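Engineer: What follows is a predicted structure for the sequence shown.
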Amino acid sequence: MSNNIPSDLKYTKSHEWVRQVQNGAIEIGITDHAQSALGDLVFVEVPDIGRALKAGEACAVVESVKAASDVYSPLAGKVIANNGALAGKPELLNEDPYGAGWLFRLETGASANAGSLMSASAYETFLAEESK
Amino acid sequence: MVLGVSVFVRREVAMGLKTPLYDTHVQQGAKIVDFGGWDMPLHYGSQIEEHHAVRRDAGMFDVSHMCIVDLTGGRVREFLCLLLANDVGRLKTFGKALYSCMLLPNGGVIDDLIVYYMSETWYRMVVNAGTRDKDLAWIRKHAIDFDVTVVERKDLAIIAVQGPNARRKAAALLPPPQQVAVLELKPFFGAPFGSWFVARTGYTGEDGFEIMIPAAEAADAWGRLLQQGVKPAGLGARDTLRLEAGMNLYGNDMDENFHPLESGLAWTVAFEPTERDFIGREALERAQRESGRELVGLLLEDRGVLRSHQKVLSAGATTAGLSGEVTSGTFSPTLNRSIALARVPKTSQPAVQVDIRGKLHAARIVKPPFVRHGKALIDIS
């Protein structure tokens, strides 16, 4: 199974990744492990710009041929961008989960609890535990 | 059904039943999932590529989890006339296959199956894996009165080779004289070739063979098919292929709660000859007089993916006007659109709506199959 875990990102137990893009803004997607487990993706629904999200709120949907899965917002914040390219090319998520397959960006502000996220090594350990 | 990502990456701790090809699948990189208690390949990398391989060239599926039952005895034909809703009396030539439902007295579908006419005193049935135990119990219960012997053939594996080039590639595994004969098999006929029983049947809407083969020979045959360029395909592609072909899946599109007439299977019920009294006949004759529900095809007009259990509403209706339900839904790799089978009232107009995660999306009732022999059969414009 595909299992690339870039060391400069943070991770959640529900297999989202978080990239710090600028002060107070983050970019979110699903991990290589998640896209590989889901299989060929055929439909992606991203949250609308301006939507306020709570931490852990279901806010995007990724559908493979087999099933639909929720994506949860890793932190609280307001959606400032979403990846419109996924509407026409959902396979970007399989091909480049940490790049062209990004889902949305959040303005989190100072109050967001980034300490709840895992480092790359912690996520790797978590995956190993989960597959036992 | 909406599931968290984590559901898919949790590995099953309990180990399931394994077919003779299990180790081969693992070696070839299959993602293994539980399917009715069996550890089966879901895909070998890309479900969509496997789907296209079957539509355009040749793919192979391990369907050894399905249950082969040999029925023998002097009164076996009489027994099957009672047991099955379709009429084995239609089988005039040895090797001919018949698709049928096996019904409860109230018309509910116990299972769907294929039965082969092997000889005057021998019929072979292939039933679903998930219904094996209840099927065998039901068959044995009724077989006693006819002195019919019921033998489950656990010693056989089944490889389905499907696609426009499937028969040619599979035939290459046989000695030359048998190659000619196997390629002369007509659709829905089977015959023995050495240790194999080969039938020109399938579950994909493409031409091909289903090969019943001694378990010990299965891995070797799989390897030789691979050398012929036949692509291994998993249960994922099998599901999108059968749905495009408008074929029902037991447990989704029919079960004991519905009769064949509301499951798109009226064509499999033989009411003629009228003197044949099969189990479920009386209930179906009553059901024929009611308007009831029917199984139809759906094409989603919007973006998104239809899934089983989503609600189908007539156009313009709100959630108060509930009318039907999706029984199987998926993304169709051939059409690049979402398609489904749905059970709706018989009076439904073609324009409907489907409730996908609380939002209503436009869909259209169409007549399955959606795809046959590589070609779209419905207008997707």
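Structural biologist: Perfect, I can see it now.
Engineer: For residue 106, the count of nearby residues, please.
Structural biologist: All of this is about chain A. Residue A:106 has 27 neighbours, counted by other CB atoms under 10 Å in any protein chain shown. For every residue, glycine as well, the C-beta is placed using N, CA and C.
Engineer: Correction: the question concerned chain B.
Structural biologist: The local packing of residue B:106 (other CB under 10 Å) involves 15 other residues.
Engineer: Repeat that for residue B:336.
Structural biologist: Residue B:336: 10 neighbours (other CB under 10 Å).
Engineer: Chain A: helices as residue ranges?
Structural biologist: In chain A, the helices defined using DSSP state H lie at A:32-38, A:85-88, A:92-95, A:120-130.
Engineer: between the ones you listed, which gets nearest to chain B?
Structural biologist: helix A:32-38 (4.3 Å; CB to the nearest CB).
Engineer: what's the pLDDT at residue A:110?
Structural biologist: Note on residue A:110: pLDDT of 66.
Engineer: low pLDDT regions in the stretch 201-350 of chain B?
Structural biologist: For the stretch 201-350 of chain B, the stretches flagged by pLDDT under 70 are B:318-322.
Engineer: from it, which residue is nearest to chain A?
Structural biologist: Counting by CB to the nearest CB, the stretch 201-350 of chain B gets nearest to chain A through residue B:331 (4.0 Å).
Engineer: Wait, a strand at that residue?
Structural biologist: Yes: the assignment for residue B:331 is a strand, going by DSSP: H, G, I helix; E, B strand; the rest coil.
Engineer: wouldn't it be in contact with residue A:43 here?
Structural biologist: Yes: Residue B:331 lies in contact with residue A:43 (CB atoms under 8 Å); the separation is 6.8 Å.
Engineer: Check the contact lists of those two and give me the overlap.
Structural biologist: Jointly contacting residue B:331 and residue A:43 under the rule CB atoms under 8 Å, 6 or more residues apart in numbering or on different chains are A:63, B:305, B:338.
Engineer: Name the nearest of these relative to residue A:73.
Structural biologist: residue A:63 (18.3 Å; CB to CB).
Engineer: Give me the distance between that closest one and residue B:34.
Structural biologist: Residue A:63 sits at a distance of 21 Å from residue B:34 (criterion: CB to CB, to the nearest Å).
Engineer: Counting neighbours, go ahead and name the busier of the two.
Structural biologist: residue A:63 (23 against 14).
Engineer: ok, so what distance separates the more buried one from residue A:93?
Structural biologist: Counting by CB to CB, the gap from residue A:63 to residue A:93 is 10 Å.
Engineer: what's the answer for residue B:368, then?
Structural biologist: For residue B:368, the distance to residue A:93 - CB to CB - is 30 Å.
Engineer: circling back: which ones among the shared contacts of residue B:331 and residue A:43 are found in strands?
Structural biologist: A:63, B:338 (DSSP state E).
Engineer: Now render the shared contacts of residue B:331 and residue A:43 as TSV, adding distance to residue B:200.
Structural biologist: What follows is the shared contacts of residue B:331 and residue A:43, written out as TSV (distance: CB to CB, whole Å):
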residue	distance to residue B:200
A:63	35
B:305	33
B:338	31
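Engineer: packing partners for the helix or strand containing residue B:170?
Structural biologist: Secondary structure from DSSP states H and E places residue B:170 in helix B:166-171. Applying 3 or more CB pairs under 8 Å, 6 or more residues apart in numbering or on different chains; DSSP states H and E, one finds that helix B:166-171 makes contact with strand B:156-162, helix B:176-183, strand B:208-214.
Engineer: how about 10 Å then?
Structural biologist: strand B:59-62, strand B:156-162, helix B:176-183, strand B:196-199, strand B:208-214, helix B:215-227 (3 or more CB pairs under 10 Å, 6 or more residues apart in numbering or on different chains; DSSP states H and E).
Engineer: mind showing which ranges of chain A have poor pLDDT?
Structural biologist: Chain A contains residues with pLDDT under 70 at A:1-2, A:110-112.
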